[in-house]
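Student: Using only what follows, build the 3D model:
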Amino acid sequence: MTSNQRPPWVLNLALAAFGLIFALAIIGVVLLLFPQFRPNTIRFTEAMGDIFYHQAAWMRPPENPNSVLAMYWLEWNEDGFRVPHRRADRYPVVALGDSFTEAPNAGRPWPDVLAGALNKPVLNLGFRGFGPREEMQSFELYGDPKAVETVVIGYFEGNDLSNVFTTRNNEFSPPSAVTDRGMIPTDFSTVTDRDERYPMQIEINGVVSDIAFLEGYIWALNGTFDTFSRSRNLSLTLRNYQAIRDAAPQACVIIAYFPDKAHIYLPYLTAEDRPTLVQKTEQTFLRDSRWLGQAPTMMAFDEILANLDNQRDAFVAAVKDSGAPIIDLTEVLSEAASAGEITYYTYDTHWNQLGHEIAGAAIAEYIQTNPCTD
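Tutor: Predicted coordinates:
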């Protein structure tokens with residue numbers, strides 16, 4: 001064998017390597033062109049909206065329930081929390097909250113937006129159904145108080161005050177115990193007794209859009225400032241937040257106020273749909289025990305609008321009295337709405353991708369311009 005000749009196995013090895021590289025390249029191109037074939041790819045469709053699930057009898061079936069609203073990668077870690085796009089061994093920022101923070105129906109949740117804006121890894125400890133008590137427990141179990149510099153707690157005005165009451169004596173159920181995480185589309189053929197109220201319509205700057213509200217969340221806002229500020233629900237919520245501050249005394253613990261879709265878009269409801277909405281109104285009141293309750297009450301649409309800010313105002317005032325910093329996202333989302341932007345899914349209670357981008361950017365700006373001094 002001369003010096004210019006190669007053993008047959010060298011040629012075979014080179015051909016095998018070339019074939020492997022070529023095959024991987026083909027797979028990469030296919031996954032790029034057809035992202036639905038990627039592992040852990042979620043296709044969030046119109047019929048998966050949670051308002052269909054909760055108010056099925058009130059909803060007109062969409063023309064194309066299988067229409068894909070978002071396609072994205074989603075994976076959970078061994079503890080059951082969403083894996084951040086920016087992974088790290090140490091997370092200086094921790095995000096707490098419920099489904100608005102986990103964001104199983106959005107590709108880039110606000111914690112990932114925040115990570116990009118701050119150029120820091122953010123650990124997402126949000127999970128569907130969590131309230132203030134579970135957020136405190138999850139931070140104690142899965143957070144790292146010694147490593148964390150900033151904790152952002154997402155407070156959702158639609159149900160956090162009710163969740164803190166219903167789960168006040170419950171044992172913590174870890175997200176890892178949830179085995180079925182799929183978002184199941186509503187089967188409209190099973191809904192036989194219909195009283196269709198939705199979609200209603202909003203009009204902003206002359207543009208009309210379909211919209212659906214989860215009405216229980218509207219009535220959660222429909223109370224007086226005094227009702228919310230005097231409630232045990234609010235005081236217990238703040239005690240849970242204080243426990244998080246106590247667990248990480250060196251960290252800056254910030255409360256982020258997340259408004260419900262109705263808080264942002266109900267003022268734009270068309271005159272034709274307002275009479276339909278007020279056919280089934282409820283009002284939040286304070287029981288003798290000082291826990292919040294709701295009861296059917298006939299109210300005019302303008303009265304409901306006048307109450308929209310009361311929970312927010314009571315909550316923000318109480319948080320400030322406690323000494324904790326707070327960012328209220330109501331204003332920035334209202335500004336987007338006035339410009340004609342839709343930041344929530346039409347048939348879902350949660351933010352779409354634009355909503356998460358706005359929320360994450362606003363929280364990042366607050367952190368950067370309001371350094372904690374506690």
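Student: Chain neighbours aside, what residue packs nearest to residue 319?
Tutor: Excluding the flanking residues, the one nearest residue 319 by Cβ to Cβ, 6 or more residues apart in numbering is residue 326, at 4.6 Å. Where C-beta positions appear, they are placed from N, C-alpha and C, glycine not excepted.
Student: now swap in residue 212 and tell me
Tutor: Spatial nearest neighbour of residue 212, excluding adjacent residues (Cβ to Cβ, 6+ apart): residue 198 at 4.2 Å.
Student: Hmm, residue 269 and the one you found touching each other?
Tutor: No: using Cβ atoms under 8 Å, residue 198 makes no contact with residue 269, being 11.5 Å away.
Student: Between these two, which contacts overlap?
Tutor: By Cβ atoms under 8 Å, 6 or more residues apart in numbering, residue 198 and residue 269 have these common neighbours: residue 211.
Student: any idea which element the residue positioned nearest the centre of the chain lies in?
Tutor: Residue closest to the average C-alpha location in the chain (Cα atoms, centre = their mean): residue 100, at 1.0 Å. For residue 100, the element it lies in under DSSP states H and E is helix 99-102.
Student: Downstream of that helix, the next helix or strand is which one?
Tutor: Counting by DSSP H and E, the next helix or strand C-terminal to helix 99-102 is helix 110-118.
Student: Quick check: next helix or strand after that following helix?
Tutor: Once helix 110-118 ends, the next helix or strand along the chain (criterion: DSSP H and E) is strand 122-124.
Student: helices and strands around that next one, which ones?
Tutor: Contact here means 3 or more Cβ pairs under 8 Å, 6 or more residues apart in numbering; DSSP states H and E; on that basis strand 122-124 packs against strand 93-96, helix 110-118.
Student: Just name the most buried of those.
Tutor: strand 93-96 (a mean of 28; mean count of other Cβ atoms under 10 Å).
Student: what residues does that one touch?
Tutor: With contact meaning Cβ under 8 Å, 6+ apart, strand 93-96 is reached by 101, 110-111, 114-115, 118, 120-126, 130, 135, 138-139, 143-144, 148-154, 244.
Student: ok, of those residues, which come out buried?
Tutor: 101, 110-111, 114-115, 118, 120-126, 130, 135, 138-139, 143, 148, 150-154, 244 (16 or more other Cβ atoms under 10 Å).
Student: From the contact counts, what lies against the helix or strand hosting residue 162?
Tutor: Element membership for residue 162 (DSSP H and E) is helix 160-166. Applying 3+ Cβ pairs under 8 Å, 6+ apart, one finds that helix 160-166 contacts helix 132-142, helix 232-247, strand 292-296.
Student: Distance from the chain centre to whatever helix or strand comes next after that helix, please.
Tutor: Using DSSP H and E, the helix or strand that follows helix 160-166 in sequence is strand 200-204. Strand 200-204 sits 23 Å away from the centroid of its parent chain (Cα atoms, centre = their mean, to the nearest Å).
Student: same question, stretch 94-104
Tutor: Centre-to-centre, stretch 94-104 and its host chain are 6 Å apart (Cα atoms, centre = their mean).
Student: try stretch 156-170
Tutor: From the chain centre to the centre of stretch 156-170 is a distance of 16 Å (Cα atoms, centre = their mean).
Student: Next up, phi/psi of the nearest residue to residue 42 once chain neighbours are set aside, please.
Tutor: Residue nearest to residue 42 in three dimensions, not counting chain neighbours: residue 74, with 4.8 Å by Cβ to Cβ, 6+ apart. Note on residue 74: backbone dihedrals following degrees, to the nearest 10 are phi -150, psi 130.
Student: any idea how far residue 74 lies from residue 171?
Tutor: 27 Å (Cβ to Cβ, to the nearest Å).
Student: Next: residue 59.
Tutor: 35 Å.
Student: Next: residue 81.
Tutor: Taken as Cβ to Cβ, the span from residue 81 to residue 171 is 19 Å.
Student: Low-confidence ranges, the stretch 201-350 of the chain, go.
Tutor: Applying pLDDT under 70 to the stretch 201-350 of the chain flags no residue at all.
Student: what are the ranges of the helices in it?
Tutor: 215-221, 225-229, 232-247, 261-265, 274-277, 301-307, 310-322, 330-338 (DSSP state H, counting those that start in this stretch).
Student: Pick the most buried one from those.
Tutor: Most buried of the helices of the stretch 201-350 of the chain, by mean neighbour count (mean count of other Cβ under 10 Å): helix 261-265, with a mean of 24.
Student: Check which helices and strands that one is in contact with.
Tutor: Packed next to helix 261-265, using 3+ Cβ pairs under 8 Å, 6+ apart, are helix 215-221, helix 330-338.
Student: and the residue lying closest to residue 371 once chain neighbours are set aside, what are its bridge partners?
Tutor: The shortest distance from residue 371 to any non-neighbouring residue, by Cβ to Cβ, 6+ apart, is to residue 252 (7.8 Å). Assessed by DSSP bridges, residue 252 has beta-bridge partners residue 150.
Student: Any idea how many residues pack against residue 252?
Tutor: For residue 252, the count of nearby residues is 20 (other Cβ atoms under 10 Å).
Student: Ends of stretch 87-105, what's the gap?
Tutor: Chord length of stretch 87-105, first to last residue, is 20 Å (Cα to Cα, to the nearest Å).
Student: for stretch 119-135, same thing?
Tutor: Terminal residues of stretch 119-135 lie 24 Å apart, using Cα to Cα.
Student: what's near enough to touch residue 48?
Tutor: Here residue 48 is in contact with 105, 183-186, 348 (criterion: Cβ under 8 Å, 6+ apart).
Student: circling back: wait, which of the helices and strands packed on strand 122-124 is closest to residue 85?
Tutor: With Cβ to Cβ, the closest approach to residue 85 among the helices and strands packed on strand 122-124 belongs to helix 110-118: 4.7 Å.
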